[in-house]
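[1] Sequence and predicted structure below; questions after.
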Amino acid sequence: MRTRRFEWEGAVPTGKALRDWFAAEQPQVRDDVERIRDAIRREGDVALRRLVQELDGVAEMPASVAVDPAEARSALESLDPSLREAMEVAAGNIRAVARMQVSERADTEHLPEGHSVTMREVPVASAGVYAPGGRAVYPSSVLMCAIPAREAGVEHIALASPPGPDGKIGQPMLAAAALCGIDEIYAMGGAQAIYALAYGTGTVTSVDVIVGPGNAWVQEAKREAMGVVGIDSYAGPSELMLIAGHDTDPEWAALDLCAQAEHGAESPLAAVAVEEQVLERIAAATESAAAGRPSVNDAALALVQVPDLSDAIDLANAFAPEHLELLEEDAALQAEAVRTAGCVFVGRYGATAFGDYAAGSNHVLPTTWTGRFSGPLGPGTFRRRISEVKLDAGAAAKLAPHVDALARAEGLPVHGESAMIRADDE
C-alpha cells in the first residue's frame, strides 16, 4: 500500500486534498479514447476487430466479436454447482431490490382548473451492459446490470466483455449472461466496446443506454458518448472510505481495504478515525494483510484523523466515496447524515464485499466525486418519464388567459392564440 497521512484542515479542504492526491494517481486517457472513438465511427467492424486484437490482447481474432447465445446456455449448464447456487442467490436478491424500485405511473389529483397531469414511466428499448475483464472475470457485474434492466422492462439487452487471449469470454461470464437471459453477447472490451455499442458497427447493434463499471478508458468513453446514449454514472475505479471507531477490529478493516485494492492499484482507499491509535492499528494491519495476498494491488491509502465523529461524516460528504463503511458503534445513527456516498455499509458486519456480490444492493456506483449528483444503478437508469396532460373545455378556458399573458410577455403571441382559441370554444 502507498500510505499517506493527511492533516485535518476541515471537511471540504481535506476532502479536496484527498481527491487531488488520488486524481494524480489516475492515468490520463482522453486522447487515447478519442482516437478509439474516431476509428470506430470511421471504420466500424474493421476498426473494432483491430482494436480488440490490439487492446484486449487476443492472439488470433475469431471471425466475429459476436458470441453465440448457445455458448452461454452451455456455460450455465456446466457451471460448478456451488458457483451456480451463489449466482442464483445473488440474482434473487438483486431482482428483489430492483423490483421494489419500479413504479409504473403517478397520477395527480385534478388540479384547480380541472385538468390533470400524469407522469408515466416507460423502459428504453435497448441497453448495453459492460462487464469488466482483464485482471479477473466479473459475472457479478453482469447480474448487477442486466437484472435491473429486465425488471425495468427493457426488451433487448446486449453484453460486452473483454475476451481472453483466445478471443473468448470466460465461462462464468457466459453463465451469468444465460442466467439473465441476455440477448446478444460481444467479446470486446475497453473504450472500443463502449463506442461500438453507442454508434453501432456492421456486427454490433447500437443501444439506447450503456451501463457498467470499468477502468478509466471505459468510463471516459462512457462520459464522452453521453448524449449519443444514456449512461448510468462514472463508475470506476472502485473506491472505499471507512470510518473507524475505538472498537473497530483492525483486521476486519484491513481486509475490507485490501478487498477493494484487488480491483487495481488505481482504487482510492481512505481510513478515517478520531483516535490516532485506531488509524495506526488499521494501517499496520492493512500493510500486513496486503503483503501476504498476491491479489492485492499497490493501491493508495489515505489516513485522516478527525476531531470528532461528526467531522468524519462531513468529510465523507465532501469526498463523496463510492463505498462508505461506518464501522463505528453508533453507525446506524450516523448513516442518516450521509448525503453523497454511493452505498453506505452500516455497522461492523457491513463489509463492502456483501454489496459487491450478494446483498442485493447494486455495486455499479458513482465514483470520482460524482456521488454528489448521481446514485446507484437501478431500474430507473433504464426508464424514462413521459408526461400526459389532459384538459377539458372548462380547464382550457380557465388556463388560456394565463398562457396568453405569459406568452405575450415572452414575445411569443401565437402560443397565446393557440390556447385562447380553445377557450373561445367552450
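    Structure received.
[2] nearest residue to Val89 other than its sequence neighbours?
    Ala358 (5.9 Å; C-beta to C-beta, 6 or more residues apart in numbering). C-beta coordinates here come from the backbone N, C-alpha and C atoms, glycine included.
[3] Beta-bridge partners for the closest residue to Glu388 other than its chain neighbours, please?
    Closest residue to Glu388 apart from its sequence neighbours, by C-beta to C-beta, 6+ apart: Thr118 at 4.3 Å. Legend: beta-bridge partners of Thr118 under DSSP bridges are Asp107, Glu388.
[4] how far away is Thr118 from Gln219?
    Going from Thr118 to Gln219 by C-beta to C-beta, to the nearest Å gives 36 Å.
[5] again, but for Arg4
    According to C-beta to C-beta, Arg4 and Gln219 sit 24 Å apart.
[6] now swap in Val154 and tell me
    In terms of C-beta to C-beta, Val154 sits 22 Å off from Gln219.
[7] who's in contact with the longest helix anywhere in the chain?
    The longest helix of the chain (DSSP state H) is helix 81-99. With C-beta atoms under 8 Å, 6 or more residues apart in numbering as the test, helix 81-99 has contacts from 76, 79, 139-140, 143-144, 147-148, 151-152, 172, 175-176, 179-180, 357-362, 378-379.
[8] Mind checking which of these land in helices?
    76, 139-140, 143-144, 147-148, 151-152, 172, 175-176, 179-180, 357.
[9] so which of those residues comes closest to Ala254?
    The closest of these to Ala254 turns out to be Tyr357 (C-beta to C-beta; 19.4 Å).
[10] now the closest residue to the closest one other than its chain neighbours: how far from Ala312?
    Spatial nearest neighbour of Tyr357, chain neighbours left out: Ser140 (5.3 Å); criterion: C-beta to C-beta, 6+ apart. According to C-beta to C-beta, Ser140 stands 29 Å off from Ala312.
[11] out of the two, which sits in the more crowded spot?
    Ala312 (25 against 20; other C-beta atoms under 10 Å).
[12] dump the residue contacts of Asp56.
    Contact analysis of Asp56 by C-beta under 8 Å, 6+ apart lists 162-163, 188-190.
[13] can you give me the helices for the stretch 251-400 of the chain?
    276-291, 309-319, 331-335, 352-357, 393-409 (DSSP state H, counting those that start in this stretch).
[14] most packed of those helices?
    Stretch with highest mean neighbour count among those: helix 309-319 (a mean of 22; mean count of other C-beta atoms under 10 Å).
[15] which helices and strands sit right next to it?
    helix 11-24, strand 240-244, strand 269-273 (3 or more C-beta pairs under 8 Å, 6 or more residues apart in numbering; DSSP states H and E).
[16] With just CA atoms, put the second one into CSV.
    Coordinates of the C-alpha atoms in strand 240-244 are reproduced here as CSV (Å, rounded to 0.1, in the frame of the first residue of the first chain):
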residue,chain,number,x,y,z
LEU,A,240,-13.7,2.8,-0.3
MET,A,241,-13.7,5.2,2.7
LEU,A,242,-14.1,3.6,6.1
ILE,A,243,-14.8,5.5,9.3
ALA,A,244,-13.5,3.5,12.3
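[17] What is it packed up against?
    Applying 3+ C-beta pairs under 8 Å, 6+ apart, we find strand 240-244 packed against helix 250-261, strand 269-273, helix 276-291, helix 309-319, strand 323-327.
[18] Check the longest one too.
    With contacts defined as 3+ C-beta pairs under 8 Å, 6+ apart, helix 11-24 has these neighbours: strand 2-6, strand 300-305, helix 309-319.
[19] Direction included, what does the first one pair against?
    Think strand 2-6. Sheet pairing here is set by DSSP bridges, and for strand 2-6 it gives strand 300-305 (parallel).
[20] And the pLDDT at Thr108?
    For Thr108, the model assigns a pLDDT of 65.
[21] Oops, could you answer that again for Asp208 instead?
    On the pLDDT scale, Asp208 is placed at 97.
[22] My guess is it contacts Ser126. True?
    Yes: with contact defined as C-beta atoms under 8 Å, Asp208 reaches Ser126; the gap is 5.1 Å.
[23] Please work out the average pLDDT along stretch 32-43.
    For stretch 32-43, the mean pLDDT works out to 95.
[24] what's the answer for stretch 219-228, then?
    Mean per-residue pLDDT for stretch 219-228: 93.
[25] One more: stretch 57-64?
    For stretch 57-64, mean pLDDT rounds to 90.
[26] With stretch 143-161 instead?
    When pLDDT is averaged over stretch 143-161, the result is 96.
[27] I'd like the distance from it to the chain centre, please.
    13 Å (C-alpha atoms, centre = their mean, to the nearest Å).
[28] If we go by neighbour counts, what in that stretch is buried?
    143-154, 156-161 (16 or more other C-beta atoms under 10 Å).
[29] Dump it to PDB, keeping only the CA atoms.
    These are the backbone C-alpha positions of stretch 143-161, laid out as PDB (Å, rounded to 0.1, in the frame of the first residue of the first chain):
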ATOM      1  CA  LEU A 143     -26.100  -9.700 -12.800                       C
ATOM      2  CA  MET A 144     -26.000  -6.200 -11.300                       C
ATOM      3  CA  CYS A 145     -26.600  -4.600 -14.700                       C
ATOM      4  CA  ALA A 146     -28.800  -7.000 -16.600                       C
ATOM      5  CA  ILE A 147     -31.300  -7.800 -13.800                       C
ATOM      6  CA  PRO A 148     -32.400  -4.200 -13.100                       C
ATOM      7  CA  ALA A 149     -32.700  -3.700 -16.900                       C
ATOM      8  CA  ARG A 150     -35.000  -6.600 -17.200                       C
ATOM      9  CA  GLU A 151     -37.000  -5.500 -14.200                       C
ATOM     10  CA  ALA A 152     -37.300  -2.100 -15.700                       C
ATOM     11  CA  GLY A 153     -38.900  -3.700 -18.800                       C
ATOM     12  CA  VAL A 154     -36.000  -3.400 -21.300                       C
ATOM     13  CA  GLU A 155     -36.700  -5.800 -24.200                       C
ATOM     14  CA  HIS A 156     -33.200  -6.100 -25.700                       C
ATOM     15  CA  ILE A 157     -30.000  -6.400 -23.700                       C
ATOM     16  CA  ALA A 158     -26.500  -6.700 -25.100                       C
ATOM     17  CA  LEU A 159     -23.400  -7.700 -23.100                       C
ATOM     18  CA  ALA A 160     -19.900  -6.600 -23.900                       C
ATOM     19  CA  SER A 161     -16.900  -8.000 -22.000                       C
END
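[30] Thank you, goodbye.
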